[in-house]
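[1] Predicted model and sequence follow; I will ask about them next.
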Amino acid sequence: MSKRTYLITVDIALTGVFCAIFAALNLILGPLSFSLTGLPIIHDVAVFFPLLLIAWVTGRFLTSSLVGIIGSIVAILLGGPPLIICFAPSAVVFDILISANHHKIRIAPYSLIIAAIATLLSAYFAGVLIGVFFSPGQTLLWAVTFWGGWHTVGGVLSLAITLPTILALEKANVRKIKGD
C-alpha cells in the first residue's frame, strides 16, 4: 500500500470516528445545554469541537462536511431532535470557509483567525436556520438576532475549548502518529 493510499484510508477512518463523536456529543451536550441554560451555547461545542478537530487532523476538503452531515443524521436516528439537521448545512459552510486556509488549522495568527471566522459564521448560520425552521411563533428578526447570536456565543466557547486542545495535540506531535 502506498503512503498516499494509507493516508487516505486513515482519513476515512478518522472521519468515521469523528462522525460518531459528533453524534454522541450532540446527544449528550444538546439536552444538557438546554436543561442547564435554556440556550444552545454548550450544544455548539458538540458541533464545532469535532468539526475543528477533523479539519485539523486530516487537512482535507469535505471531511468536515461529512462529519456534520453523517453525524447529524446518526444523531437524529438515535433519537436526537430534528433541529440537529441544521448543523449539516452549517458544517458545509464551515468546510467552505475553512478552505480559505487550505483546511490547515495551525497555531499561527492567520490560521487561527480563519478557523475563528469559519466557526463563528457557521455557528451563526446554524442558529438562524434553527430559529427560522424550528422555533414556531418566533420572527425572522428573532432568528437573525437573538438565536443566531446565542449560537455565535456557542461558537466562541467552542473555539475556547478546541483551540487549546489543538495546541496541546500539536505539541504532542499527534500528527506524526498518523504518519504526516
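    All right, it came through fine. Values in this document were obtained by computation on a predicted structure and should not be read as measured data. Numbering: from 1, shown residues only.

[2] Mind listing what's buried along the longest helix along the chain?
    Among the elements of type helix in the chain, defined by DSSP state H, the one spanning the most residues is helix 3-36. For helix 3-36, the buried set under the neighbour-count rule, 16 or more other CB atoms under 10 Å, comprises 7, 11, 14-15, 18-19, 21-27, 29-30, 33. The way it works is simple: take the backbone N, C-alpha and C, and place the C-beta from them, glycine included.

[3] Toward the C-terminus, what is the element adjacent to it?
    Moving toward the C-terminus from helix 3-36, the first helix or strand encountered (DSSP states H and E) is helix 41-58.

[4] got the angle for that following helix vs helix 3-36?
    Orientation check (axes from the mean of the first three to the mean of the last three CA atoms, to 10 degrees): helix 41-58 against helix 3-36 gives 170 degrees.

[5] Need the mean per-residue confidence for helix 41-58.
    In this model, helix 41-58 has a mean pLDDT of 94.

[6] elements contacting that helix?
    The helices and strands touching helix 41-58, judged by 3 or more CB pairs under 8 Å, 6 or more residues apart in numbering; DSSP states H and E, are helix 3-36, helix 63-77, helix 87-98, helix 109-133, helix 148-171, helix 174-178.

[7] now it and helix 109-133, what's the angle there?
    Note on geometry: by the same axes, to 10 degrees, helix 41-58 and helix 109-133 are set 140 degrees apart in direction.

[8] pLDDT weak spots in the chain?
    Counting by pLDDT under 70, the ranges of the chain that qualify are 175-180.

[9] what residue is smack in the middle of it?
    Per CA atoms, centre = their mean, the C-alpha nearest to the average position across the chain is that of Phe48, at 2.6 Å.

[10] I figured that one hits Thr162, correct?
    Yes: under the contact definition of CB atoms under 8 Å, Phe48 touches Thr162, with a separation of 6.7 Å.

[11] Mind listing the shared neighbours of those two?
    Among the neighbours of Phe48, none is also in contact with Thr162 (CB atoms under 8 Å, 6 or more residues apart in numbering).
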